[in-house]
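Participant: Here is a sequence with its predicted model. Questions after.
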Amino acid sequence: MYLRRGLKSLPFVLKRFAHNNVFSPPITFAKGESNDSLSHRIPLSRVFNCSCEPCLPERRRLHSGSNRGVGVITPLFLQAHRFADRVALVDENGVYCYRDLMSCAELLTDRIADHLGGQNDDTSGERVCILCPNNASHVVAQLAVWMSGSIAVALSTKHPAAQLEYFLTDSQCRLVIATEDLADRVQPVVSKLGVALLVLRKTDYSGTVRVIQDESDSNTVDTDMSQQKERHSKRLNRLQQLCSANKFKNKPAAIFYTSGTTGSPKVSI
């Protein structure tokens with residue numbers, strides 16, 4: 001169900017990224033349906049038990065509905081490789097092709113797996129919160145979360161500390177990804193809750209190439225690159241096997257919270 005529901009809640013750049021020659025047919029909502037009109041919104045603490053999979057009855061799942069006529073579900077991060085040279089998005093930092101975004105996402109996926117300690121770099125449905133501005137950093141972070149096997153929890157840059165703490169606690173988040181300019185806002189919250197914080201520098205999502213200044217380190221760099229390529233190859237093979245077996249069908253991809261105007265914020269999956 002990747003990006004087929006709840007797309008209206010995503011940052012604008014991610015909507016453009018998803019719509020730009022990746023999905024066929026285009027993403028649509030049922031007649032009379034919108035993100036705000038989805039019913040049966042409940043706190044995430046009631047959705048998940050101690051395991052990583054949703055335990056709601058089928059009638060209460062927000063993404064409920066018959067998928068009998070749906071074929072193999074191919075996640076966005078597997079589709080993007082087909083359009084490597086096409087422009088994916090433009091933000092204040094520059095122009096990004098799909099190759100640029102996927103290269104940055106691959107490196108960030110390694111860091112997520114290192115933090116969460118998933119076997120075979122698979123974090124098995126862990127919830128990862130994303131606190132990034134409305135630019136390529138959010139796209140790279142969300143792609144990396146999905147590629148690691150985790151569920152993305154979108155946070156707003158306008159949320160106060162108390163609300164951030166509620167979202168992290170309710171979602172049972174183990175890791176928060178934030179850009180450097182927003183890390184200070186969430187640092188007190190993650191320290192209080194004992195949640196790991198992964199800080200994104202501009203070079204982590206702008207595609208800036210790091211220059212090797214010391215030639216004596218070239219052998220070490222070559223070894224690291226070889227190990228990195230092997231790691232990425234194993235991950236891609238695993239993801240393609242999951243896709244071939246249609247394991248992404250009905251798998252939770254993202255979590256969004258309502259504004260909470262009539263009570264505590266509720267969750268949409």
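Facilitator: That came through fine. Residues are numbered from 1 along each chain as shown.

Participant: right, and the helix or strand after the top helix by length along the chain?
Facilitator: Across the chain, the helix with the greatest residue count (assigned by DSSP state H) is helix 218-244. Next helix or strand after helix 218-244 toward the C-terminus (DSSP states H and E): strand 254-257.

Participant: What strands flank that following strand, and is each parallel or antiparallel?
Facilitator: Strand pairing for strand 254-257, using DSSP bridges, gives strand 151-154 (parallel), strand 267-268 (antiparallel).

Participant: mind listing the helices for this protein?
Facilitator: In the chain, the segments counted as helices under DSSP H are 12-19, 44-47, 76-79, 98-116, 136-147, 161-170, 180-193, 203-206, 218-244.

Participant: Out of the ones you listed, flag the one nearest C129.
Facilitator: Smallest distance to C129 across those (CB to CB): 6.0 Å, for helix 161-170. (Each C-beta comes from the backbone N, C-alpha and C, glycine too.)

Participant: Dump the helices of the chain into CSV; add distance to S124, mean pLDDT and mean neighbour count as well.
Facilitator: CSV is the format used below for these (distance: least, CB to CB, whole Å; pLDDT from 0 to 100; neighbours: other CB atoms under 10 Å):
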stretch, distance to S124, mean pLDDT, mean neighbour count
helix 12-19, 24, 56, 18
helix 44-47, 17, 40, 17
helix 76-79, 17, 84, 19
helix 98-116, 9, 92, 20
helix 136-147, 13, 94, 28
helix 161-170, 19, 94, 18
helix 180-193, 21, 95, 16
helix 203-206, 24, 89, 19
helix 218-244, 12, 76, 13
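
Participant: Let me have those in TSV, adding distance to S259 as columns.
Facilitator: Putting the helices of the chain into TSV (distance: least, CB to CB, whole Å) gives the following:
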stretch	distance to S259
helix 12-19	18
helix 44-47	16
helix 76-79	26
helix 98-116	28
helix 136-147	19
helix 161-170	10
helix 180-193	19
helix 203-206	28
helix 218-244	34
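
Participant: give me the number of residues near S171?
Facilitator: The number of residues packed near S171 is 22, by other CB atoms under 10 Å.

Participant: Find the nearest non-adjacent residue to H138, please.
Facilitator: Once flanking residues are discounted, H138 sits nearest to C132: 4.1 Å by CB to CB, 6 or more residues apart in numbering.

Participant: separation between that neighbour and R231?
Facilitator: According to CB to CB, to the nearest Å, C132 and R231 sit 24 Å apart.

Participant: Repeat that for V153.
Facilitator: Distance from V153 to R231, by CB to CB: 25 Å.

Participant: how about the nearest residue to A178, chain neighbours excluded?
Facilitator: With CB to CB, 6+ apart as the criterion, A178 has its nearest non-adjacent residue at 4.2 Å, and that residue is L131.

Participant: With F83 instead?
Facilitator: Leaving aside its sequence neighbours, F83 is closest to Y98 (4.9 Å, by CB to CB, 6+ apart).
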